[in-house]
Every structure is written in C-alpha cells, then in structure tokens.
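Chemist: Based on what follows, work out the 3D shape:
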Amino acid sequence: MAELATIARPYAEALFKACTSSTSGADLSGTVAWVEEVAAIAANPQLRQLADNPKVTDDQVFDVIAGVVRSPLSDAARNFLRVVIDNGRVDALPEVAAQFRALVNQRNGSSDAVVYSAFPLDADALAGLDAALEKRFGRKLSVASVQLDESLIGGIRVVVGDEVLDTSVKARLEQMKAALTA
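Modeler: Residues are numbered from 1 along each chain as shown. Have a look, this model is predicted:
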C-alpha cells in the first residue's frame, strides 16, 4: 500500500488550491481549523474501526464525523469530507491536515513550532516566547502545540521543522556529563 503522505498530497493540494482561488488568507486559518478538527476525529481508533466496517455506509461515516464536529461545516468542507470518505481515505485525513497546514505556512512564510516544557505555560509566557523564538529562528513562527515533558526538569525544548533549540535543564546536565567524561 502506498504511503499515507503520498495518498494525502493530492487532497491537501486540491484543498489548498480551492481555498486560495476563492478566499482570502484570513479564511485559510478557518480552513486549517476545521481540517485539523476533522483530522483529529478521523485519528480516533473507534472511528477508524467504524469506517473500516463493511456494514457501515459512507453516508453513516460522514454523518458521524459531521455530527461530532464542534461547529457546522461549510458546503466546501462537507464536499471535501464527502470526497475523502467516498474514496475510502479516512485514515489519510490526519496527514492531509498536516500537509495542508504546511502549504498554508509556506504561503505565509511561517513555520510551526512545537514547544516541550517541563511545566504548563500561560498565555503571557507564550506571547513572550513567540517573539524570542521568531528572533532566534529568523522567521515567523506559530506555536502549533505546547506539550508537557516532565523529563526536561526545567526549561523548554522547541522543535521547528528539523531544527531543535534545547534550553532544558536535562540538556544542560547531559552537556556537563559529556564535558566531564571527555
């Protein structure tokens, strides 16, 4: 079977092309929001089991996903979701969302940052962190997620694409260990 990235690429590109030809950049963030929400629903193992069941129709799968989404889907969103489900690609939706977000970021000249922290970060701390990270990485960043990682002991670890900025206590202790044993 083909890789999910290969399967998802045409869907993400088609959605991106449809969004950029008919809407402004402000609406792209709304599209990113519903695509990621639908992808999170599609990633649920119970939904995948339902979608893989031969006794369940495509309409039933569509109704379940559309019924779970927090806000009503637009006509374009409903059409997109119906095409994905009719083609049996529910399992590719999380990858479609990731690739769509990458296309939007590329258009906006920004990158996603994943922040790992030993402690929860409040909104004020994130706002200050955004500015510092943008200066450090030299480009516009959007914090895609903040994940707790108690093994860091303190500080943060930031991943932007294939770049990592690790200012955690754990990393500093490992550097000290390496220096002492060298």
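Chemist: dump the residue contacts of residue 35.
Modeler: 15, 96, 97, 100, 101 (C-beta atoms under 8 Å, 6 or more residues apart in numbering). (Each C-beta comes from the backbone N, C-alpha and C, glycine too.)
Chemist: Try it again at 10 Å.
Modeler: Applying C-beta atoms under 10 Å, 6 or more residues apart in numbering, we find residue 35 in contact with 11-12, 15-16, 19, 77, 80-81, 93-94, 96-101, 104.
Chemist: Show the pLDDT at it.
Modeler: pLDDT for residue 35: 95.
Chemist: For residue 5, see how far away the most centrally placed residue in the chain is.
Modeler: With distances taken as C-alpha atoms, centre = their mean, residue 98 lies nearest the centre of the chain, 5.0 Å away. Distance, residue 98 to residue 5, by C-beta to C-beta, to the nearest Å: 9 Å.
Chemist: Same question for residue 121.
Modeler: On the measure of C-beta to C-beta, residue 121 and residue 5 end up 31 Å apart.
Chemist: Which residue of those two possesses the greater neighbour count?
Modeler: Taking neighbours as other C-beta atoms under 10 Å, residue 121 and residue 5 compare with residue 121 leading, 16 against 13.
Chemist: my guess is the more buried one is in a strand, correct?
Modeler: No: according to DSSP: H, G, I helix; E, B strand; the rest coil, the state of residue 121 is coil, so it is not within a strand.
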